[in-house]
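Undergrad: just need the structure, nothing else, for what follows:
(one chain, ligands or ions: 1)
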Amino acid sequence: MGDIRSRKADHLELAATADVGFRRKTNLFECVELIHNALPELDFDSLDTSVTVLGKRLRAPLCIAGMTGGTERAANINAELSALAEECGYAFGLGSQRAMMKKTELAKTFQVRAGAPNTLILGNIGAVQARDCGTPELEELVGQIGADALCVHLNPAMELVQSDGDRDFRGIEETFRRLTNELSVPVVAKETGCGLSRSVAQRLVASGVRHVDVSGAGGTSWVAVETHRAEPGRRPLGERFWDWGVPTAASVAVTAKHFRTVFATGGMSDGLEAAKAIALGATVVGMARPVLIAFEEGGRSGARTFFQQVELELKMAMLLVGAANLSQLMSAPRVMSDPLRQWLSAQGIRGDA
Ligand SMILES: Cc1cc2nc3c(=O)[nH]c(=O)nc-3n(C[C@H](O)[C@H](O)[C@H](O)COP(=O)(O)O)c2cc1C
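TA: Prediction:
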């Protein structure tokens with residue numbers, strides 16, 4: 001148990017300070033251009049950025065993606081960022097709740113509901129842990145923090161780099177089938193920086209999943225984080241797979257039609273990228289490390305300033321494509337170029353749609 005807590009402490013420290021970004025691969029949003037509309041006939045101050053996600057109304061389509069819990073530092077980050085989510089009308093994700101499964105006194109580091117009574121709060125657990133425990137235990141995990149939904153995260157790449165990570169990833173589709181049937185809250189299938197392909201999306205749909213967070217490649221590399229932590233003998237493996245994964249733009253474009261909710265997470269750091277993600281079919285845009293860095297530099301107000309800029313850019317993009325609201329933004333005309341088009345055509349999707 002001490003191991004999980006120290007791993008989570010390392011994760012925060014490395015994500016905040018170390019070189020853990022993808023090296024050569026991007027999220028490919030630079031391959032998407034929205035077509036300018038010189039006659040928008042819109043009032044900037046009347047643009048509507050609100051959206052309903054998993055039964056809750058968000059003022060803007062933004063989510064602070066799941067990061068942490070289990071330590072005092074994590075508790076403070078969760079309290080501050082969830083309060084910001086409440087103030088701004090964003091969704092808020094917690095980090096893996098594995099630590100509180102065995103040590104119930106750690107539950108308080110995840111309990112943000114009192115300070116964020118109206119916020120869409122997402123619980124979080126690894127798919128392998130979810131497979132290995134009963135639904136009542138997971139129901140308890142959700143209940144203890146008053147979560148609106150449970151993210152079940154997929155992270156085989158980072159586990160394989162850890163010397164003591166999981167190696168057996170069988171039975172996960174069946175786990176999704178069980179949880180989508182039995183759990184009282186919606187289940188979100190969430191990657192952690194390597195993205196979801198079209199065929200995985202189809203298998204998730206067949207397992208009853210209606211909501212995903214693609215968490216694609218191009219932002220934080222979790223292989224990189226574990227490479228920093230790995231013993232010297234395992235580092236070459238991490239170096240080799242540092243940039244592994246489906247770029248976020250490709251992942252959103254190939255999964256969007258399959259699900260009711262698509263969180264576009266993975267290297268999202270500005271409002272223009274957010275607008276492009278929504279134009280490709282995302283419902284909400286998630287951000288993890290950029291928010292952590294803004295918070296580490298300037299506390300809650302630093303994170304608030306970061307998001308104000310994101311919202312301004314999102315609204316500017318909306319006006320400049322003539323979209324009064326997010327459903328109009330979803331049908332904004334766009335141009336896609338290679339290599340994004342290649343990622344789409346390799347998965348049987350036409351890149352000019
Ligand atoms: C410090 C930190 C801890 C994270 N811990 C978790 C976690 O416990 N569970 C999870 O599903 N994702 C976790 N993530 C992954 C993020 O939710 C996200 O999917 C990924 O970092 C890509 O987004 P980004 O490029 O905006 O960082 C974590 C991210 C960060 C930065």
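
Undergrad: who touches the residue lying closest to Gly302 once chain neighbours are set aside in this structure?
TA: Among residues not flanking Gly302 along the chain, Ala294 sits closest, at 4.8 Å (C-beta to C-beta, 6 or more residues apart in numbering). Any C-beta I mention is one placed from the backbone N, CA and C, and that applies to glycine too. Contact analysis of Ala294 by C-beta atoms under 8 Å, 6 or more residues apart in numbering lists 302-303, 305-306.

Undergrad: so Ala294 belongs to a helix, correct?
TA: Yes. Membership of Ala294 in a helix is supported by DSSP: H, G, I helix; E, B strand; the rest coil.

Undergrad: which positions in the stretch 101-250 of the chain make contact with the ligand?
TA: Residues of the stretch 101-250 of the chain lying near the ligand by C-beta under 6 Å from any ligand atom: 124, 151, 153, 190, 192-193, 215, 219-220.

Undergrad: go with 5 Å
TA: Within reach of the ligand by C-beta under 5 Å from any ligand atom, the stretch 101-250 of the chain has these residues: 124, 153, 192-193, 215, 219-220.

Undergrad: and those residues, which two are furthest apart?
TA: The span of those, defined through C-beta to C-beta, is set by Asn124 and Gly219 at 17.5 Å.

Undergrad: can you redo the residues of the stretch 101-250 of the chain next to the ligand as CSV with neighbour count and secondary structure?
TA: Below are these laid out as CSV (neighbours: other C-beta atoms under 10 Å; DSSP: H, G, I helix; E, B strand; the rest coil):
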residue, neighbour count, secondary structure
Asn124, 27, strand
His153, 22, strand
Thr192, 27, coil
Gly193, 28, coil
Ser215, 32, coil
Gly219, 26, coil
Thr220, 26, strand
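
Undergrad: just give me the closest of these to Lys102.
TA: Lys102 has its nearest neighbour among those in Asn124, at 15.8 Å by C-beta to C-beta.

Undergrad: what is the closest one paired to in the beta sheet?
TA: Judged by DSSP bridges, the bridge partners of Asn124 are Cys151.

Undergrad: so it sits against Met67, correct?
TA: No. Counting by C-beta atoms under 8 Å, Met67 is not a contact partner of Asn124; they are 9.1 Å apart.

Undergrad: any common contacting residues for those two?
TA: Residues touching both Asn124 and Met67 by C-beta under 8 Å, 6+ apart: 93-95.

Undergrad: top of these by neighbour count?
TA: Compared across the shared contacts of Asn124 and Met67, Gly93 has the highest neighbour count, 30 neighbours, by other C-beta atoms under 10 Å.

Undergrad: in this structure that one contacts Ile64, no?
TA: Yes. Counting by C-beta under 8 Å, Ile64 is a contact partner of Gly93 at 6.4 Å.

Undergrad: can you give me the helices in the stretch 251-353 of the chain?
TA: Under the criterion DSSP state H, counting those that start in this stretch, the stretch 251-353 of the chain contains helices at 271-279, 289-321, 326-330, 340-345.
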